[in-house]
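*Asks:* Mind folding the following:
(2 chains)
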Amino acid sequence: EAQVTQNPRYLITVTGKKLTVTCSQNMNHEYMSWYRQDPGLGLRQIYYSMNVEVTDKGDVPEGYKVSRKEKRNFPLILESPSPNQTSLYFCASSPDRFTDTQYFGPGTRLTVL
Amino acid sequence: AQKITQTQPGMFVQEKEAVTLDCTYDTSDQSYGLFWYKQPSSGEMIFLIYQGSYDEQNATEGRYSLNFQKARKSANLVISASQLGDSAMYFCAMREGRNSGTYKYIFGTGTRLKVLA
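*Replies:* Just a heads-up that it's a prediction; the model follows:
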């Protein structure tokens, strides 16, 4: 089944403890992206990647890192999480940079205490 | 600045009636894509409909249609014959940046739709 998977789905952590949220897609998609969703703000793009080793900042990249070493994986790294990074995170992918429609993962709900 | 505006935080509609969710956008790109997504209470993002900026016909997908008015920079979603299962949050989104090579996505703040029996 074609899908985007995220792990973990739920995470409660404490300030400053490094964490990684994984994202994987099995559709050989080139373009992948991370978003955070906050009440009243909609979804905001954190980082995106147009292919292996090619990443760029979205609108809210501060406090996050990403890497794209393999085509299928696009992990989101929080080196020192803070409470203002408590949010619902979505990973998404699309076949290539020229295809507009994205496929979303199920979301990861992160709470930073 | 590029942005998406959804001015209706919440709406009610009677079951079986049609409803229009408003969306306006702002971009300096000539080539862009517009989307609508549905987010039910379970949280997943469900793609509903897509309109390319160069598409002359309004997009339709079953009960969903996108009323695209390029000169007014609006991309309203019309849901015909509303069903109880349509109760959800709806997001309008835009993909732009082809001209600059950035390929970014921008989302609106959403409209929460409640369908009444």
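
*Asks:* C-alpha from now on. contacts and neighbour counts both.
*Replies:* Will do.

*Asks:* Stretch B:46-63: which residues count as buried?
*Replies:* Neighbour counts using 16 or more other CA atoms under 10 Å in any protein chain shown place B:Ile46, B:Phe47, B:Leu48, B:Ile49, B:Tyr50, B:Gln51, B:Gly52, B:Ser53, B:Ala59, B:Thr60 of stretch B:46-63 among the buried residues.

*Asks:* out of those residues, what pair is the most spread apart?
*Replies:* Greatest spatial distance among the buried residues of stretch B:46-63 (CA to CA): B:Ile46 and B:Ser53, at 21.3 Å.

*Asks:* Give me the local confidence score for the closest residue to A:Pro95 other than its chain neighbours.
*Replies:* Distances taken as CA to CA, 6 or more residues apart in numbering or on different chains place A:His29 nearest to A:Pro95, at 4.1 Å, with adjacent residues excluded. Per-residue pLDDT puts A:His29 at 95.

*Asks:* Can you report how many residues lie near A:His29?
*Replies:* Neighbour count of A:His29, defined by other CA atoms under 10 Å in any protein chain shown: 19.

*Asks:* Also B:Gln83?
*Replies:* 18.

*Asks:* Now that it has come up, it's in contact with B:Ala18, right?
*Replies:* No: taking contacts as CA atoms under 8 Å, B:Gln83 lies outside contact range of B:Ala18: 9.7 Å.

*Asks:* In strands, which of the buried residues of stretch B:46-63 appear?
*Replies:* B:Ile46, B:Phe47, B:Leu48, B:Ile49, B:Tyr50, B:Gln51, B:Gly52, B:Thr60 (DSSP state E).

*Asks:* Intersect these with the contacts of chain A.
*Replies:* When contact is defined as CA under 8 Å from any CA of the partner chain, these meet chain A at B:Ile46, B:Phe47, B:Tyr50.

*Asks:* ok so, going back, CSV please, covering the ones in strands among the buried residues of stretch B:46-63 and showing pLDDT.
*Replies:* Formatted as CSV, these follow (pLDDT from 0 to 100):
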residue, pLDDT
B:Ile46, 94
B:Phe47, 94
B:Leu48, 96
B:Ile49, 95
B:Tyr50, 94
B:Gln51, 95
B:Gly52, 92
B:Thr60, 96
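
*Asks:* Many thanks, I have nothing further to ask.
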